[in-house]
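J.: Here is the input, now give the coordinates:
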Amino acid sequence: MTLSPYPVVRLKPKAQAARAVRHGFPWIYDNELVTDRRSRSLAPGTIAVLEDAERTPIALVAVNPGSRIMARVLDRDSRARIDEGWLRARLVRALALRERLYDAPFYRLVHAEADGLPGVVIDRFGDIAVIQPNAAWAEVHLPALVAALSEVTGVSTVLKNAGGRARGLEGLDDVSRVEIGTAPGAPVAVPMNGALYMADLEGGQKTGLFFDQRPNHAFAAGLSRGAKVLDVFSHVGGFALAALAGGAARALAVDGSAPALTLAEEGARRSGLEARFATRRGDAFDVLAALAEEGARFDVVICDPPAFAPSKKALEAGLRAYERVARMAAVLVEEGGFLGLCSCSHAADLGKFRGACVRGIGRAGREGQLVHTGFAGPDHPLHPQLAESGYLKALFFRL
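T.: Okay, here's the model as predicted:
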């Protein structure tokens, strides 16, 4: 028998995690593991063999003693070796799915646990990839991951994005950098749904663009032919540019970020849509209130706010915020028009989010038919055992 080169971490007796991991759940929390001095001394990102209380190997895991999620399942074969070849195989599988789905290399290439690379997010922008190593093991193995990524996809530039709450929870730094190649130095044009979106890969939000809303943008565009459209929390043009490409008469994009709206205006110009496009900078709630006072009305209104409920602790306050958005937006919708409401908060599940939206619409004195429920695009696959991977919801009501 060949001894494993990896240390061992062991589940506590009667830990529910043993059954959960065998059924595909990818996380083990710190209260489910035997946390003696030896396991606590493991360096963040250490690869280890996970055993049940009877010392039977269950999986290969990445350990971070400083994280609430103390172990992340990498491979259910405890004899696997985590090296560049293993990383390459995961990336080949991820790439095969995206090449089947899309005819241009603009997509989320790796969606963390759902693609078998826990805590790793990779978005592709043509010849450039932006990687978020949001787990300690990925930070440790970043050179090998970048090398495998370049070999598998052929990208010449890989940027590391170290922003976001997840890295802080893992005890990781917030230093972004160029891993290989040359920084683009200017926004990158991304074709989606008939429009061009300008993505700031170095200074923008997240990796620079939100690919997850692509199918919801397309659905909204189908509602928008000949319509007046309001896109609130628009970022770089989100729903507005897709609606204009789909034949909207005009669109107004609202966001609090001047740089984001500048990119939206550039995307409209590059798409030949600038004559029908306008922007308005300001706090979304203030702008919604001002538009109501002005008597403005739109055929289609879409609100795609940031995560109001990023954790269970923030859930109740977040649901109240979603209700408020729905109430303030509903009064701006023409009779027979459409209201699209989105949430990227995994803590607010579909039922709770829908309930908040319906309450808000009712409080506005409107009645709604729910005509469509949307989710993230297929380049953001759902891990069937991990509800957090299905975070995005988009509800479209006819009022």
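
J.: pretty sure Tyr197 is in a helix, no?
T.: No: using DSSP: H, G, I helix; E, B strand; the rest coil, the secondary structure at Tyr197 is strand, not a helix.

J.: Who are the contact partners of it?
T.: Ala189, Val190, Pro191, Leu209, Val236, Gly237, Leu241, Leu263, Gly267 (C-beta atoms under 8 Å, 6 or more residues apart in numbering). Where you see a C-beta, it was placed from the backbone N, CA and C, and this is true even at glycine.

J.: one more time with 7 Å
T.: By C-beta atoms under 7 Å, 6 or more residues apart in numbering, the residues touching Tyr197 are Val190, Leu209, Val236, Gly237, Leu241, Gly267.

J.: List the buried residues in the top helix by length along the chain.
T.: In terms of residue count, the longest helix belonging to the chain (DSSP state H) is helix 84-101. Buried residues in helix 84-101, counting neighbours by 16 or more other C-beta atoms under 10 Å, are found at Trp86, Leu87, Arg88, Arg90, Leu91, Ala94, Leu95, Leu97, Arg98.

J.: In terms of secondary structure, what does that helix contact?
T.: On a contact count with 3 or more C-beta pairs under 7 Å, 6 or more residues apart in numbering; DSSP states H and E, helix 84-101 meets strand 106-111, helix 142-153.

J.: Next, the angle strand 106-111 makes with that helix.
T.: Following axes from the mean of the first three to the mean of the last three C-alpha atoms, to 10 degrees, one obtains 140 degrees for the angle between helix 84-101 and strand 106-111.

J.: quick one: helix 84-101 to helix 142-153, angle?
T.: 40 degrees.

J.: Can you give the distance of helix 84-101 from its chain's centre?
T.: 19 Å (C-alpha atoms, centre = their mean, to the nearest Å).

J.: and the angle for the one helix or strand Met70 maps to with helix 84-101?
T.: Using DSSP states H and E, Met70 maps to strand 69-75. If you take the same axes, to 10 degrees, strand 69-75 sits at 80 degrees to helix 84-101.

J.: And the helices in the stretch 151-300 of the chain?
T.: Secondary structure of the stretch 151-300 of the chain by DSSP state H, counting those that start in this stretch: the helices cover 165-169, 214-223, 238-245, 258-270, 284-293.

J.: What's the separation between the residue nearest the centre of the chain and Ala94?
T.: Centroid-nearest residue in the chain: Asp212, 6.4 Å away (criterion: C-alpha atoms, centre = their mean). Counting by C-beta to C-beta, to the nearest Å, the gap from Asp212 to Ala94 is 16 Å.

J.: Kindly report the same for Ala296.
T.: Ala296 is 44 Å from Ala94, where distance means C-beta to C-beta.

J.: In this protein, where is pLDDT below threshold?
T.: 1-3 (pLDDT under 70).

J.: Apart from its neighbours in sequence, what residue is nearest Gly126?
T.: Excluding the flanking residues, the one nearest Gly126 by C-beta to C-beta, 6 or more residues apart in numbering is Pro105, at 5.4 Å.

J.: That neighbour touches Arg124, doesn't it?
T.: Yes: the pair Pro105 / Arg124 is scored as a contact, 5.5 Å apart, by C-beta atoms under 7 Å.

J.: In terms of packing, which of the two has more residues around it?
T.: Arg124 (25 against 18; other C-beta atoms under 10 Å).

J.: Parallel or antiparallel, list what pairs with the helix or strand hosting that one.
T.: In the assignment (DSSP H and E), Arg124 maps to strand 120-125. Applying DSSP bridges, strand 120-125 is found paired with strand 106-111 (antiparallel), strand 128-133 (antiparallel).

J.: Tell me the gap between it and the middle of its chain.
T.: For strand 120-125, the distance to the chain centre is 10 Å (C-alpha atoms, centre = their mean).

J.: ditto for stretch 173-193
T.: Relative to its chain's centre, stretch 173-193 lies at 17 Å (C-alpha atoms, centre = their mean).

J.: what does stretch 266-278 give?
T.: Distance, centroid of stretch 266-278 to centroid of chain: 26 Å (C-alpha atoms, centre = their mean).

J.: hang on, isn't Arg124 packed against Leu109?
T.: Yes: judged on C-beta under 7 Å, Arg124 makes contact with Leu109 at a distance of 4.7 Å.

J.: so which of the helices of the stretch 151-300 of the chain is the most packed in?
T.: helix 238-245 (a mean of 30; mean count of other C-beta atoms under 10 Å).

J.: Need the CA coordinates for that helix. PDB is fine.
T.: Written as PDB, here are the backbone C-alpha positions of helix 238-245 (Å, rounded to 0.1, in the frame of the first residue of the first chain):
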ATOM      1  CA  GLY A 238     -26.600  46.100 -18.300                       C
ATOM      2  CA  PHE A 239     -30.200  45.800 -19.300                       C
ATOM      3  CA  ALA A 240     -30.300  49.200 -21.100                       C
ATOM      4  CA  LEU A 241     -27.900  48.400 -23.900                       C
ATOM      5  CA  ALA A 242     -29.500  44.900 -24.500                       C
ATOM      6  CA  ALA A 243     -32.900  46.600 -24.700                       C
ATOM      7  CA  LEU A 244     -31.700  49.100 -27.200                       C
ATOM      8  CA  ALA A 245     -30.100  46.400 -29.300                       C
END
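
J.: closest to Glu32 among the contacts of Tyr197?
T.: Using C-beta to C-beta, Leu209 comes nearest to Glu32 of the contacts of Tyr197, at 37.0 Å.
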